[in-house]
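Novice: any chance you could fold what I've pasted below:
(one chain, ligands or ions: 2)
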Amino acid sequence: MNHKGLDTPIQYVKGVGPKVSQRLATMNILNMKDFLYTFPRTYDDRRSLPSISDLSLSTPTTIKGRLISLTENKPRPGLNILKGMIQDETGSIAAIWFNQGFLKRVLKIDTQVVLSGKVTVNSFQSERQFSVANTEVISAEDPSLYVGQVLPIYALVSGLIQLQMRKIAKSIITQYGPLLQDPLPPYLMNQYQFFSLSDAIKEMHFPSSREYFQSAKKRLVFEEFFYGQLILEKRRMLSKQNIPGPQFVVGGPPSKQFIDALPYRLTKAQERAISDIETDVSSPHPMNRLIQGDVGSGKTDVAMAALMMAISSGFNGAMMVPTEILAEQHYRTLKERLSPFNVSIMLLKGKLKVSEKKEAQLQLSSAKRTIVVGTHALYQDPVVINQLGLVVVDEQHRFGVFQRMKLKDKGHSPHCLFMTATPIPRSLMLTVYGDLDKTIIDELPPGRVAPKTYVLKEGGLTKVYSFCHQELQKGYQIYIVYPLVEESEKIDLNSAVQGYDILKSQVFTHHKVDLIHGKMKSEEKEAVMNRFKKGTTQVLVSTTVIEVGIDVPNATIMVIRHAERFGLSQLHQLRGRIGRGGTASTCFLITSPNVSATKDRLQAMASTSDGFKIAEYDLAIRGPGDMLGSRQSGLPSLQLADLVKDEKILLIAREEAKKLLQQDPLLVESHHQNLKRHVLSMKNSCFSEGQLN
Ligand code: ADP
Ligand code: MG
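Specialist: Ligands and ions are numbered 1, 2, ... in the order given. As a prediction, this is how the structure comes out:
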């Protein structure tokens, strides 16, 4: 084996035996390169340490001195006290180690030690002493590993100590750092005055100054974004160039008739979205478009228009949604709107019996003029859809990237339309969604009034209910939502059911109250939603199953219990269930007793109905993984970069990636060879000839 390269196993470092290398392996450090890229959790600035005579009380600090005496005391079982005198040029202080008797072996008189801890006062003898938390005995080989510089502090697993890690780091950086090949082309290095890769890595472990550290980090953050952007841009280019898609004929009478038959006029934004789609689907390559429009902006009509384009071009369509309730709703809407044009709509949801599955499969494999609406069942089961020309994924943020990809496999590169109401902050848009074309529907249908939002304690419920009664009198309907999270599903479900019982028997005694939750049978849920949609029931108590997509314009009040337990984007979605007719609507966010910390967060909901602002806020406090509802973004993960704080660097990385690919799409130029090697080695790369993932 070649023990010179960066892939040399970690146990070849001096001082790393089998035990240590096993522990490092649990931190995913297997070879030299892994170590170089395991950055410190934080740093210990030991550039100048206080002299012993200058020590102030109680502040944690680090001192260096000579050990001039040591005694051991065992005043009672289970208590071991080591006491020693530490001396430097300015004076001396007693050092105390509690229950660290094992240090006896290394604490030899006359050795130089570095101790971290703090000065306390022994009240009995009123004597100052240094109570030691961490001990390092300076060995002759490399004094700079202990003091005089900023030292790394790594996240550790048990059995490893900082000093050991520091030594390993120093030796790997010196020996293997210079072997790092810099993938960034020289002109970018010059333009942005970046550190070389090996210098940047060195600075991350042993920063020479704050400024150097920051420049090093900036370079590495740029890299994290840059390769991801190259891959996304390449994917986008490939999907445009290489793959033939079903070419639709657009602008024909069927699509026009569908639009003319709508009971309202499309908004300008809806028209724009439809025309973007027309351009895409009539080209010979598959569409990959994300339609982003706030809750209630009328995305369903846009989807239907697209589906009509497929139908009138002789293809079938599929629409995938995240919940059964939404599947039901879309099924009914599509049936109502599209049946007049001789289109059959099929519903595929939940767990199908074997016989049902067979039947559905049979139908779909020979389907004509058919649109199938379905939940996860649609891609989980091996159904093949005849002549599948268009796949619409509604509320796409609920699906992982890989789930999305899978649905495409049901046909031969069908056109894909992704729809989302959760506003995606720009930085996420550029990373996770960077390979999609986008249309934003930035307009709500006319006459919409944004819901008024109030944050209240449970004590305010009586008032809320009397307000509800007034609205019920006027013939409007009400949602009352309880949180339900998987981890505490049972308790949550109980509180929703109990809430329902009380509301029904004590609060809304003159009206019909219904309950809906995810554990109910599919038919039950369907019946409940139907009753609410028709207005047979006026109050719907529910868990979060109604969060996305549900459209009952006559509902004007949303009461959300334990609102502090919801994410902001989730609250925005829920609130989007009201304010869909032309009337005023009200959302009450009711917090549990004793919550105050979340008040500000909820107040943000009250102060804006702008989904973008809310999403930015959410991203900042919860991080991207949560926002996406799934951590499988399918892109290289970000170790140093922060999507919110580093957005500027992201934008630069994106511009540079685009420019580079425009100019050298196959990375053939000589100054791109290191770069090419690097992106080819990445998991999600698509730079190998003609390959698309
Ligand atoms: P979302 O974008 O949240 O999916 P929907 O497609 O469910 O929104 O539409 C919300 C409501 O607005 C539906 O009741 C729909 O019929 C209605 N709607 C859609 N477009 C218009 C329009 N141009 N004018 C008036 N109402 C519309
Ligand atoms: Mg919708």
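Novice: can we go C-alpha only for contacts and neighbour counts from here?
Specialist: OK.
Novice: which regions of the stretch 201-350 of the chain lie under the pLDDT threshold?
Specialist: Applying pLDDT under 70 to the stretch 201-350 of the chain flags residues 239-242.
Novice: up against ligand 1, what does it have?
Specialist: Within the stretch 201-350 of the chain, the positions lying close to ligand 1 (CA under 6 Å from any ligand atom) are 264-267, 293, 295-301.
Novice: send the alpha carbons of the strand or helix carrying I168 over as CSV?
Specialist: Element membership for I168 (DSSP states H and E) is helix 162-176. Output of helix 162-176 as CSV, limited to C-alpha atoms (Å, rounded to 0.1, in the frame of the first residue of the first chain):
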residue,chain,number,x,y,z
GLN,A,162,-7.6,17.2,23.0
LEU,A,163,-3.8,17.1,23.4
GLN,A,164,-3.6,13.8,21.5
MET,A,165,-5.9,15.2,18.7
ARG,A,166,-3.8,18.3,18.5
LYS,A,167,-0.6,16.3,18.1
ILE,A,168,-2.2,14.1,15.4
ALA,A,169,-3.5,17.2,13.7
LYS,A,170,-0.1,18.9,13.7
SER,A,171,1.6,15.9,12.3
ILE,A,172,-1.0,15.3,9.6
ILE,A,173,-1.1,18.9,8.5
THR,A,174,2.7,19.2,8.3
GLN,A,175,3.1,15.9,6.5
TYR,A,176,0.0,15.5,4.4
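Novice: contacting residues for K438?
Specialist: K438 is in contact with 289-292, counting by CA atoms under 8 Å, 6 or more residues apart in numbering.
Novice: just the pLDDT for it.
Specialist: pLDDT for K438: 88.
Novice: one more: G623?
Specialist: pLDDT, G623: 62.
Novice: the one 5 residues further on too?
Specialist: In this prediction, L628 carries a pLDDT score of 46.
Novice: circling back to that earlier point, what is the nearest of the contacts of K438 to ligand 1?
Specialist: Nearest to ligand 1 among those: Q292, at 8.5 Å, using CA to the nearest ligand atom.
Novice: confirm that closest one sits in a helix?
Specialist: No: going by DSSP: H, G, I helix; E, B strand; the rest coil, the assignment for Q292 is strand, not a helix.
Novice: surely it meets A421?
Specialist: Yes: contact status for Q292 versus A421: in contact at 5.9 Å, counting by CA atoms under 8 Å.
Novice: one step back: of the residues of the stretch 201-350 of the chain next to ligand 1, which is the most crowded?
Specialist: Neighbour tally across these (other CA atoms under 10 Å): the maximum, 26 neighbours, falls on V295.
Novice: tell me the contacts of that residue?
Specialist: By CA under 8 Å, 6+ apart, the contact set of V295 is 421-422, 549, 573, 576-577.
Novice: among those residues, which are in helices?
Specialist: Q573 (DSSP state H).
Novice: the residues of the stretch 201-350 of the chain next to ligand 1 in helices, which ones?
Specialist: 299-301.
Novice: now find how far off-centre the helix holding I168 is within its chain.
Specialist: 33 Å (CA atoms, centre = their mean, to the nearest Å).
Novice: what residues sit buried inside it?
Specialist: Using 16 or more other CA atoms under 10 Å as the test for burial, helix 162-176 gives 162-163, 165-170, 172-173, 176.
Novice: count of neighbours near the residue in the stretch 401-550 of the chain positioned nearest to ligand 1?
Specialist: Per CA to the nearest ligand atom, P445 is where the stretch 401-550 of the chain lies closest to ligand 1, at 4.4 Å. For P445, the count of nearby residues is 18 (other CA under 10 Å).
Novice: ditto for I259
Specialist: The number of residues near I259, taken as other CA under 10 Å, comes to 19.
Novice: need the phi and psi values for the closest residue in space to it that isn't next to it in sequence.
Specialist: Excluding the flanking residues, the one nearest I259 by CA to CA, 6 or more residues apart in numbering is A305, at 7.3 Å. For A305, the backbone dihedrals (degrees, to the nearest 10) come out as phi -60, psi -40.
Novice: how is this protein carved up into domains?
Specialist: 1-45+149-179, 48-148, 253-441, 452-608 (automatic domain parsing).
Novice: looking at these, which is buried most?
Specialist: Highest mean neighbour count of those: domain 253-441, a mean of 20 (counted as mean count of other CA atoms under 10 Å).
Novice: run the chain-centre distance for that domain.
Specialist: Its chain's average C-alpha position is 24 Å from that of domain 253-441, according to CA atoms, centre = their mean.
Novice: using PDB, write out the CA atom coordinates for the longest strand along the chain.
Specialist: For the chain, the strand with the greatest residue count under DSSP state E is strand 61-76. Extracted C-alpha coordinates of strand 61-76, given in PDB (Å, rounded to 0.1, in the frame of the first residue of the first chain):
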ATOM      1  CA  THR A  61      -8.300  30.500  32.200                       C
ATOM      2  CA  THR A  62      -5.100  28.700  31.300                       C
ATOM      3  CA  ILE A  63      -1.700  29.100  33.000                       C
ATOM      4  CA  LYS A  64       1.700  27.700  32.400                       C
ATOM      5  CA  GLY A  65       4.400  27.000  35.000                       C
ATOM      6  CA  ARG A  66       6.800  24.600  36.600                       C
ATOM      7  CA  LEU A  67       5.500  22.000  39.100                       C
ATOM      8  CA  ILE A  68       7.600  22.400  42.200                       C
ATOM      9  CA  SER A  69       5.800  20.100  44.600                       C
ATOM     10  CA  LEU A  70       3.000  17.500  44.700                       C
ATOM     11  CA  THR A  71       1.200  15.700  47.500                       C
ATOM     12  CA  GLU A  72      -1.700  13.300  47.400                       C
ATOM     13  CA  ASN A  73      -4.600  13.200  49.900                       C
ATOM     14  CA  LYS A  74      -7.400  10.700  50.300                       C
ATOM     15  CA  PRO A  75      -9.600  12.300  53.100                       C
ATOM     16  CA  ARG A  76     -12.300   9.700  52.600                       C
END
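Novice: counting contacts, what elements does that strand pack onto?
Specialist: Applying 3 or more CA pairs under 8 Å, 6 or more residues apart in numbering; DSSP states H and E, one finds that strand 61-76 makes contact with strand 79-88, strand 112-122.
Novice: picking that back up, sec struct for the residue of the stretch 401-550 of the chain closest to ligand 1, please.
Specialist: With three-state DSSP as the basis, P445 sits in coil.
Novice: kindly report the same for R128.
Specialist: Classification of R128 by three-state DSSP places it in strand.
Novice: go on, the one 4 residues further on?
Specialist: V132 carries the three-state label strand when classified by three-state DSSP.
Novice: related to what we said a few turns ago, dump the residue contacts of the residue nearest to I259.
Specialist: Contacts of A305 by CA under 8 Å, 6+ apart are 255, 258-259, 274.
Novice: please convert these to a markdown table, extending it with secondary structure.
Specialist: Output for the contacts of A305, formatted as a markdown table (three-state DSSP):
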| residue | secondary structure |
| --- | --- |
| S255 | helix |
| F258 | helix |
| I259 | helix |
| I274 | helix |
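Novice: quick one: list the elements packing against the host helix or strand of E271.
Specialist: Assigned by DSSP H and E, E271 belongs to helix 268-281. Applying 3+ CA pairs under 8 Å, 6+ apart, one finds that helix 268-281 contacts helix 299-312, strand 437-441.
Novice: just give me the longest helix of this structure.
Specialist: helix 210-241.
Novice: now it, how far from the centre of its chain.
Specialist: 18 Å.
Novice: who does it touch, helix- and strand-wise?
Specialist: Checking 3+ CA pairs under 8 Å, 6+ apart, helix 210-241 ends up next to helix 197-205, helix 426-431, helix 647-663.
Novice: using PDB, list the CA coordinates for the shortest one.
Specialist: Only the C-alpha atoms of helix 426-431 are listed here, as PDB (Å, rounded to 0.1, in the frame of the first residue of the first chain):
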ATOM      1  CA  ARG A 426     -33.500  32.300  -1.900                       C
ATOM      2  CA  SER A 427     -30.500  30.500  -0.500                       C
ATOM      3  CA  LEU A 428     -32.300  27.100  -0.500                       C
ATOM      4  CA  MET A 429     -33.700  27.800  -3.900                       C
ATOM      5  CA  LEU A 430     -30.200  28.200  -5.200                       C
ATOM      6  CA  THR A 431     -28.800  25.100  -3.500                       C
END
